[in-house]
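>>> Got a predicted structure here, sequence first:
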Amino acid sequence: MATGEDLAGRTPRDELAEATEHGALYLRRLRQRQLALSLLALTAFGALVGVLPLAIDIVPQLRRDDLLSVPVAIWLLVVPLPPIFLILGALYARRADALDESFRELVRRR
Amino acid sequence: MIAILAVAAVTAGTLGLGAMGTRLARTTSDLLVASRAMTAWWNAAAISGEYLSAASFLGIAGLEMQNGTTALWQSLGFVAGYLALLLFVAAPLRRFGSYTISDFAEARLRSPRLRGLASATVLLIGGFYLVPQLKGAGLALNVVTGAPYFVGVLAVGVVVCFNVGLGGMRGITYVQAFQFWLKVFAIALPACLLLIHLGGLPARAALFGDQYPSVGARGATVTVPAREQVTFPAATSYTIVPSAPGPARSRTLRARAGEQATLPAGKLVLPPHADVPVAAGTTALRGRDWARPVGGSGERSPVFVYSLLIATFLGTMGLPHILVRFYTNPDGPAARHTTVRVLGLLGLFYIFPGIYGALGRALVPQLYVTGATDTVVLRLPQAAWPGTVGNILGAITAAGAFAAFLSTSSGLLVSIAGTISHDVWPRLSREGTTTVGIRRLRFRLAAVVGMLAPIVVAFFAQGVDIAVLVGWAFALAASTFCPLFLLGIWWTRLTAAGAACGMVAGALLATSGILVGLALGEPGGVAGALLAQPAIVSVPVAFVTMIVISLRAVEPPTPDAEMLALHAPEGLDLPETGVRDPFVLGPRAGAS
């Protein structure tokens, strides 16, 4: 890649490598964007899983009504969540990789 | 007989694959982290294989049979834990390049003393997680062969020691991946065939209706191995046949609803359609209460469910044997993608344990009499499908259970031995001119030492509940390492003093909660729920302690280099930062 070529001016990568204040600033921005992404995913998870125990406890229909002779509450507990975790995780990983990639492009620019 | 062969085959397969790995393990780097060159699928299967322990394979079904469908929250939390790991820990920690949690603690906060505290915590969590695995092995071998308890404990202890000492983690990665698929097969196939054979869930009323679990139209004879106190949920007659020689004769008695009785060692004969009595310490549940996922008091209350979810969600990242496995990923993005695959693989596995709990309530209710519901996965196939098919399916679940003990114990022992040989071993001999041969010998000695103590504890812990020890390990991990990682990775102002105080506060609170709960005989109500699973209190306390103490530091730390090592993407050809890795030569992998 281009990083090894003779360096006419200072690139953000140099700032990072030499641990200057500019470099720290670049990195802080990346860290904050990654953290914001993680917290967003955490919020989605919390909204789904955090509400479920309370919902099952409060809404009696979920315990009384049957689906294929098994109470709806048990279906809700067993079936939908693991696939949702998987989708949430896959979406997160893609976005996090993309953030890394745009950071790479940013610091290599000259 | 078939079951003994199946267990022997699993053990031989484990040893064989371990021996194959031995030829590949050349350096200590190989031994510890498989030279960081496993593909994402191998790693994901290995992580999942290592994670699915006695608690997952036997415990959830047993707990569900005993406590009702509240147990299913536990399996949900076991999966969700990897989401927390993915979101906050996987990639940065892999980039940091440290071998163990202790490495991370020392390098991130520049404090050798914090390393000592972290190592002690690793040994504590690892040891307490190892004891229930060995205990499960003792129980399972007893069910399958009738061998005494200590035979199973010793067998698994020796096999795992041998395997880890010879193959290290390179061997273990293949073994763990193999055992993951074995476990999925062993829990899924019998569950599916039993459901097809029975035409769905049987005896619906006992599951979701108004009834207590009862024996079938032919009555039942239950073997009572030792004197047992039981409670009869409904009025019934029963016959006891003492096994002791002497004047004691069999006699037929009547029990009123709610009556307690003491059964002598021997046999208990229940008439047709009788509701089964339950062992002391448990409550007989009507179907509709049993089927209710949340609601009620104690371990069924919403407070307990939330506390359990917090412990499992945040505790998974703090289990030492799980984290060390992430270092076998080549780089940060690979660690992320491995974790996504783990979410899928675990979701697949946890479909099945719940089926055993439900079928067990309907088909082997006699387990309630002795309280041995932990063995339902092993006993259900023969009970539900008498004859050769049942025997074969029973052998398959027994093999899967053994795979669970072997793989989790191996993973735990790798991190325990790594911590002993890397951290606890006197520093003098760590520095200087140690050769690869000496390091390897040290790792092997550490593996033997690390296994001895849990074996001894497991001999004495026969009466301690598996679920108690496992829940304690999760609560402890969530209250110590979880705040250390989350704040250490994402917050620049964390100080070593803050981290140490927070870890100690979290550990003390979590431990004392559980010990007090045990001492008071598991009281009911909100207080009882908090004592049984203290994570909902101890985790926030640990976080707040870490933050408050850190903010009081006169001079805020400036961990720029550490943050660069944690968060800078690969492929920038930055100078080496983070933990100096004495074993891997050349620049870190991952140039794009």
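Sure, I can see it.
>>> tally of neighbours for the residue in chain A that chain B sits nearest to?
For chain A and chain B, the shortest gap (CB to the nearest CB) falls at residue A:82, measuring 3.1 Å. From N, CA and C alone the C-beta is placed, and that goes for glycine too. Close neighbours of residue A:82, defined as other CB atoms under 10 Å in any protein chain shown, add up to 21.
>>> Pull the contacting residues for it.
Applying CB atoms under 8 Å, 6 or more residues apart in numbering or on different chains to residue A:82 gives the contacts B:76, B:79, B:343, B:346-347, B:350-351.
>>> Within the helices and strands, which one has it?
helix A:81-108 (DSSP states H and E).
>>> confidence score at residue A:7?
Reading off the confidence values, residue A:7 has pLDDT 47.
>>> Up against chain A, what does the stretch 1-150 of chain B have?
For the stretch 1-150 of chain B, the residues in contact with chain A (CB under 8 Å from any CB of the partner chain) are B:69, B:72-73, B:76, B:79-80, B:82-84, B:86-88, B:91.
>>> follow-up on the earlier one: just the contacts of residue A:82 now: which is nearest chain A?
Comparing these against chain A with CB to the nearest CB places residue B:347 closest, at 3.1 Å.
>>> Can you give me the pLDDT of that closest one?
Residue B:347 is given a pLDDT of 93.
>>> The helix or strand that it is a member of to helix A:81-108, inter-axis angle?
For residue B:347, the enclosing helix or strand under DSSP H and E is helix B:332-349. On the basis of axes from the mean of the first three to the mean of the last three CA atoms, to 10 degrees, helix B:332-349 is oriented at 170 degrees to helix A:81-108.
>>> So helix B:332-349, near chain A or not?
Yes. Remark: helix B:332-349 sits within contact range of chain A at B:332-333, B:336-337, B:339-340, B:343-344, B:346-347, by CB under 8 Å from any CB.
>>> Of all the residues in the lengthiest helix in chain A, which ones are buried?
The longest helix of chain A (DSSP state H) is helix A:21-58. Buried residues in helix A:21-58, counted by 16 or more other CB atoms under 10 Å in any protein chain shown: A:23-24, A:26-27, A:30-31, A:34-35, A:37-38, A:41-42, A:45, A:49, A:52-53, A:56-57.
>>> sorry, back to before: compute the mean per-residue pLDDT across the helix holding residue A:82, please.
Taken as a whole, helix A:81-108 has a mean pLDDT of 92.
>>> what's the angle between that helix and helix A:21-58?
Using the same axes, to 10 degrees: helix A:81-108 against helix A:21-58 is 170 degrees.
>>> Go through helix A:81-108 and flag the buried ones.
Result for helix A:81-108 [16+ other CB under 10 Å]: buried residues A:81-82, A:84-86, A:88-90, A:92-93, A:95-97, A:99-100, A:103-104, A:107.
>>> try stretch B:401-415
Buried-residue list, stretch B:401-415, by 16+ other CB under 10 Å: B:401-415.
>>> where does the stretch 201-350 of chain B dip in pLDDT?
B:203-205, B:246-248 (pLDDT under 70).
>>> Identify the residues contacting stretch B:237-250?
Contacting residues not belonging to stretch B:237-250 are listed as B:232, B:251-255, B:263-271, B:274, B:277 [CB under 8 Å, 6+ apart].
>>> So which of the residues you listed belong to strands?
Of those, the ones assigned to strands by DSSP state E are B:251-255, B:263, B:266-270.
>>> closest to chain A among those?
residue B:270 (27.0 Å).
>>> How many residues are close by that closest one?
Counted with other CB under 10 Å, the neighbours of residue B:270 add up to 23.
>>> before we move on, back to that, just checking, which of the buried residues of stretch B:401-415 belong to helices?
Per DSSP H, the subset of the buried residues of stretch B:401-415 in helices is B:401-415.
>>> Considering these, which is situated nearest to chain A?
Taking these together and measuring to chain A by CB to the nearest CB, the closest member is residue B:404, at 19.2 Å.
>>> Quick one: residues contacting the closest residue to the closest one other than its chain neighbours.
Take residue B:404 and drop its neighbours on the chain: the residue closest to it by CB to CB, 6 or more residues apart in numbering or on different chains is residue B:57, 4.0 Å away. Going by CB under 8 Å, 6+ apart, residue B:57 touches B:183, B:187, B:353, B:377, B:400-401, B:404.
>>> can you put these in JSON lines and add pLDDT?
JSON lines is the format used below for the contacts of residue B:57 (pLDDT from 0 to 100):
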{"residue": "B:183", "pLDDT": "93"}
{"residue": "B:187", "pLDDT": "94"}
{"residue": "B:353", "pLDDT": "91"}
{"residue": "B:377", "pLDDT": "91"}
{"residue": "B:400", "pLDDT": "91"}
{"residue": "B:401", "pLDDT": "91"}
{"residue": "B:404", "pLDDT": "89"}
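>>> Could you list the low-confidence segments of the stretch 1-150 of chain B?
Residues of the stretch 1-150 of chain B meeting the criterion pLDDT under 70: B:18-38.
>>> how about the helices of it, start to end?
Secondary structure of the stretch 1-150 of chain B by DSSP state H, counting those that start in this stretch: the helices cover B:2-24, B:28-33, B:40-51, B:54, B:60-67, B:71-88, B:90-96, B:101-109, B:112-145, B:149-198.
>>> Using the three-state scheme, assign the closest residue to chain A within the stretch 451-592 of chain B.
Residue of the stretch 451-592 of chain B nearest chain A, by CB to the nearest CB: residue B:569 (3.8 Å). Of the three states, residue B:569 takes coil under DSSP: H, G, I helix; E, B strand; the rest coil.
>>> That one and residue A:101 touch, don't they?
Yes. Counting by CB atoms under 8 Å, residue B:569 does reach residue A:101; the two are 7.5 Å apart.
>>> so where's the stretch 351-500 of chain B shaky on pLDDT?
In the stretch 351-500 of chain B (pLDDT under 70), the answer is B:426-436, B:462-465, B:467-468.
>>> how about the residues of it near chain A?
Listed as neighbours of chain A in the stretch 351-500 of chain B under the rule CB under 8 Å from any CB: B:351, B:354, B:490.
>>> In TSV, list the residues you listed along with neighbour count and secondary structure.
Formatted as TSV, those follow (neighbours: other CB atoms under 10 Å in any protein chain shown; DSSP: H, G, I helix; E, B strand; the rest coil):
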residue	neighbour count	secondary structure
B:351	16	coil
B:354	20	helix
B:490	20	helix
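>>> Between those residues, which sits nearest residue A:77?
residue B:354 (8.8 Å; CB to CB).
>>> correct me, but the closest one touches residue B:56?
No. Residue B:354 is beyond contact range of residue B:56, at 11.4 Å (criterion: CB under 8 Å).
>>> which neighbours do those two share?
Common contact partners of residue B:354 and residue B:56 (CB under 8 Å, 6+ apart): residue B:75.
>>> Would you pull up the residue in the stretch 1-150 of chain B closest to chain A?
Closest point on the stretch 1-150 of chain B to chain A, by CB to the nearest CB, is residue B:87, at 4.2 Å.
>>> which ones are touching that residue?
A:38, A:41-42, A:92.
>>> Now for those residues: which two are most distant?
Using CB to CB, the pair of these lying farthest apart is A:42 and A:92, separated by 9.5 Å.
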